[in-house]
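Asks: have a look; sequence and predicted model below, questions after that.
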Amino acid sequence: MRLFVAIDVPERIKQEIVDFYKIFNKYFDGNFVEKEKLHITIIFIGNRITDVDFIKSKIKDYKGEVKLEGIDFFYSGKFARVAFISANEELINVYKSLSQSLSLPIEDFRPHLTICRIKKVFRDLNELKLNFKYQAKFTFDKLLLLNSDFKNYYEV
């Protein structure tokens with residue numbers, strides 16, 4: 001299993017993000033996340049813990065506010081590999097709290113909403129970062145435990 005904890009994104013915001021894909025296509029190409037699969041990743045568990053009931057017991061009481069803002073990239077060396085919408089810093093506290101309650105190490109991780117696994121860059125990504133001024137807010141009342149097979153995500 002490839003387990004991770006996530007926050008679902010309201011339909012309205014998913015549509016706004018997908019509508020931006022045509023702008024992003026001028027800067028990079030790759031595998032864009034389908035609208036119904038958009039989510040905010042809080043913590044990747046992978047197969048380090050397989051007791052689903054234990055994980056669910058640890059994620060059941062979280063709620064709060066999400067603020068999405070701008071675009072950023074995860075790099076492998078000097079190459080951008082993943083494009084994402086940044087999530088608010090307060091979600092890092094959720095990540096750290098969950099890591100501790102699940103006895104997982106706290107790593108350098110940023111909660112984020114992945115939009116594309118990049119294959120090719122056409123233009124300067126810093127230009128896009130400077131000019132893309134997207135912001136959105138919403139509240140969440142639960143965290144989801146999802147499993148991934150690299151192509152599909154489904155709630156456990």
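Replies: Structure received.

Asks: residue 32: neighbouring residues, count only.
Replies: Neighbourhood size, residue 32 [other Cβ atoms under 10 Å]: 20. Where you see a C-beta, it was placed from the backbone N, CA and C, and this is true even at glycine.

Asks: list the contacts for the spatially closest residue to it that is not a sequence neighbour?
Replies: Of all residues not flanking residue 32 in the chain, residue 116 sits nearest, at 4.8 Å (Cβ to Cβ, 6 or more residues apart in numbering). Residues in contact with residue 116 (Cβ atoms under 8 Å, 6 or more residues apart in numbering) are 21, 24, 28, 30, 31, 32, 33, 82, 83.

Asks: among these, the buried ones, what's the PyMOL command?
Replies: What follows is the PyMOL syntax selecting those of the contacts of residue 116 that are buried according to 16 or more other Cβ atoms under 10 Å:
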select buried, resi 24+28+30+32+33+82+83
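
Asks: now stretch 43-63, how far from the centre of its chain.
Replies: Its chain's C-alpha centre and that of stretch 43-63 lie 16 Å apart, by Cα atoms, centre = their mean, to the nearest Å.

Asks: fine, thanks again, bye for now.
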